[in-house]
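Novice: here are the coordinates; sequence isn't available:
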């Protein structure tokens, strides 16, 4: 429809001409806060990748450490004028390659913009800059009796801006929802440097299209989030915690599905399979029973917690639970959550000792499909021969199968890649999605077209091309294969 | 950017040439279910307006009563080929003119597509056609112990498709959220007739841009919703109800703000001012105390209800409540909600007896701004001299001031129009929005550009123009002044 000379979704603009590098020095540097522009190759290299394995991330021409909205605007104006790709970056703790450098790109780091601008306890909203770390926000709110629920695995590392750009989830989503459910209003710098406000601070509002939601989860492909007003809630009371062990994953998955079908809303419902428990035990002394086939950690807070926990125990026992233990000691709860959060480090340690390769899948399926998911995962294990360990935000049907392989063995790598794809195909065949919370980034960009139908693919292209006509926003990632 | 010859947001396409009417008969009629196309002028006229006062709604060339997705697709293909505007219609119970006929348009009525396609009690989702009436869905779900919360004033009339197209709210939003919070997946027919699926059925998912949210609340300007998968919840237990009366609205508003700031989440928090109570008493025998200045109806369900109600009574009494009454009798609750739902009919009756004119505003402000809102509303009453009655979903800060005027008195009409605008300006000045739940439609289209900044206006144009290149989707309404 438009008279573009390039496809703004696929091809990164060409390497800039030498005069662009000159203008970077003469036009961009003076327009920004002192010291904001970095071109040292080592620093560029260190900032060119997130935590995704095996994704390309090279060719950045500069790193901008924005200190203000004006810095972001000036950077975008410069990039827009010169058709230079821009990669917005937070903590680069993502695991899909969405924050990796594109060839010829400016890396636009907003982590220095990390202040809380306003806490409105009366209306339960807080306004922050994008670079604030999720846990830092939680810690600042707690003394005021306020709580910002979203808690991705990276909660202690990742920024709110990155959480919004990826619509981050976490352990608490089963009760409280995902990042999207807490974003009221954002300020965004558009590809040409224009600053705009999307959404609203009020509890309700229907004035115009919901463009705020369009930017939530857009992975830096539409603009740069420079401020956010978030809904917060009263700090919840300490939860009751129950732990149940099972002979196998299918029994644990059936427990989740049947328990949740009773209408109870726990504040946490995590599943770990036997391989995960084995890797945790290999990583540290967490006192986990190595003989069980799967474990569920369930929490409930609020007045209904005692009956919720009883209901959970009843359903677990009806599904062949080996053991069910309940605790109201906050330390037990903290220990269990700390153990759960050690899963990813334990996976990494295992991977390092076994060839270095790890592919982390992220499919989300209807809860009732979890038992079949685990059954058919065994078939994928058998067919490909790779080791797969699974941890899951089971209450949401959101599984994280980790596939381990030898980076230096092509056949091992092939088998892992095959398993990675088969797991996404399995998720789609069960009515699920290829990514529940990790995002598409670079890692799953070839898979996005398989989840979307022809009409949805066209809508994505139309919206992207309309907002980012020059195709400079984070090219070659999420929308790069549509 | 694109080579459009017209602005697809503003101008309705010209009246079709005579051959289009001929092709309607020869090409569209045979492509649709028997009897779907109606051109009888009386029937067209009867289908050309919603419940909004004083909005244009004429010039439709045909009504299509779609019986299937294929009917909708065939209609859109025909309209697209001939550049004919299409106005998607549900029950036409809206009050902003969003479903009114545009000149030369086809009215596309989906109320015959009203079936429940699937109830998935295990995963708490239900899939419906767009024409099902909200209350009919609630009634069908209740025997299965399931509940679909959104409950706009039109709950017994309006369709789920219309609710999604306007992101409808209601009384229960203070606890459960708005329609948007319950839409998991929609199937949409795009302007050229392409059918697509947006969103997903799972609890979480981040594969691609959130285009499902973009269509929720888009008021028929982007496509036609032909199916929806909605989240449902367990049927809640019967609530406790408290009613408090106050000497004035400001005391009631302070109660709402202070009570909600304690972090309690009631299931209902409605405010009625003295004028509303007077109009209700004039309409029927509801046993309301005519001497009070304002009334709050508060409900809470679940285990915490008794303490919630106590807290409410305490805060009300600290704010000069004249009386606080609590009931756990479901009949009292039903009577009160029934009374609350009679507000709009009582307004209409009052209007008919006082010159016939009524403008209903819908601003939503931060809850803490409610007291100031009521104070400054008195200034607007004084300045314009019009009668304004206010009912409010006060727990969300969502007010509904109704302005009464004499249709046949130009100065009365002018004063009402002035008050209507001043109320929106007041809402914006308090950090609120011009419309909390009624939508922009025709009624507020001149006001939308005042709420949005320049960047947001441009984004609206870019997205609309990209998806609806030919400008045939509900032109001249929500996006008609951007």
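Specialist: Cool, got the structure. The structure presented is a predicted model; accordingly, all values stated were derived computationally and were not measured. Numbers count the residues shown, from 1 in each chain, chains lettered A, B, ... in the order given.
Novice: ok, what's across the strand from residue A:86?
Specialist: Judged by DSSP bridges, the bridge partners of residue A:86 are residue A:106, residue A:473.
Novice: quick check: it touching residue A:104?
Specialist: No - counting by Cβ atoms under 8 Å, residue A:86 does not reach residue A:104; the two are 10.4 Å apart. To be clear about C-beta, it is placed using only N, CA and C from the backbone, and glycine gets the same treatment.
Novice: in the helix ranked longest in chain A, which residues are buried?
Specialist: Using DSSP state H, we find that the single longest helix of chain A is helix A:410-429. Buried positions in helix A:410-429, judged by neighbour count with 16 or more other Cβ atoms under 10 Å in any protein chain shown: A:412-413, A:415-424, A:426-428.
Novice: now flag whichever of these is closest to residue A:64.
Specialist: residue A:420 (33.7 Å; Cβ to Cβ).
Novice: and the closest one, what does it touch?
Specialist: Counting by Cβ atoms under 8 Å, 6 or more residues apart in numbering or on different chains, residue A:420 touches A:359, A:361, A:403.
Novice: go again using 6 Å as the cut-off
Specialist: For residue A:420, the contact set (Cβ atoms under 6 Å, 6 or more residues apart in numbering or on different chains) comprises A:359, A:403.
Novice: same deal with residue A:66?
Specialist: A:72, A:110.
Novice: wait, is residue A:269 part of a strand?
Specialist: Yes - Residue A:269 sits within a strand when classified using DSSP: H, G, I helix; E, B strand; the rest coil.
Novice: what is the neighbour count of it?
Specialist: Applying other Cβ atoms under 10 Å in any protein chain shown, we find 28 residues neighbouring residue A:269.
Novice: just give the nearest non-adjacent residue to it, would you?
Specialist: residue A:395 (3.1 Å; Cβ to Cβ, 6 or more residues apart in numbering or on different chains).
Novice: didn't that neighbour look like it was pressed against residue A:172?
Specialist: No - in this structure, residue A:395 is not within contact of residue A:172 by Cβ atoms under 6 Å, at 9.9 Å.
Novice: neighbour-wise, which of those two wins?
Specialist: Between residue A:395 and residue A:172, residue A:395 has the larger neighbour count (other Cβ under 10 Å), namely 28 against 22.
Novice: and the residue of the stretch 151-300 of chain A found nearest chain B, how many neighbours?
Specialist: When scored by Cβ to the nearest Cβ, the stretch 151-300 of chain A has residue A:196 as its residue closest to chain B, at 2.7 Å. When neighbours are defined as other Cβ under 10 Å, residue A:196 has 20 of them.
Novice: does it sit in a helix, a strand or a coil?
Specialist: Of the three states, residue A:196 takes strand under three-state DSSP.
Novice: so in terms of bridging, what pairs with it?
Specialist: residue A:188.
Novice: for it, what are its contacts?
Specialist: A:188, B:453, B:455-456.
Novice: outline the domain layout of chain A.
Specialist: Following the TED database, one gets these domains for chain A: A:18-111, A:116-234, A:239-430.
Novice: if we can go back for a sec, tell me the pLDDT at the residue nearest to residue A:269?
Specialist: Residue A:395 carries a pLDDT value of 98.
Novice: again, but for residue A:63
Specialist: 98.
Novice: same question for residue A:20.
Specialist: pLDDT for residue A:20: 84.
Novice: okay, now it: neighbour count?
Specialist: Residue A:20, neighbours per other Cβ under 10 Å, totals 19.
Novice: which parts of the stretch 251-400 of chain A are strands?
Specialist: A:268-273, A:294-300, A:323-327, A:356-360, A:387-393, A:398-406 (DSSP state E, counting those that start in this stretch).
Novice: what mean pLDDT does the second one have?
Specialist: Strand A:294-300 comes out with an average pLDDT of 97.
Novice: repeat that for the longest one.
Specialist: Per-residue pLDDT over strand A:398-406 has a mean of 97.
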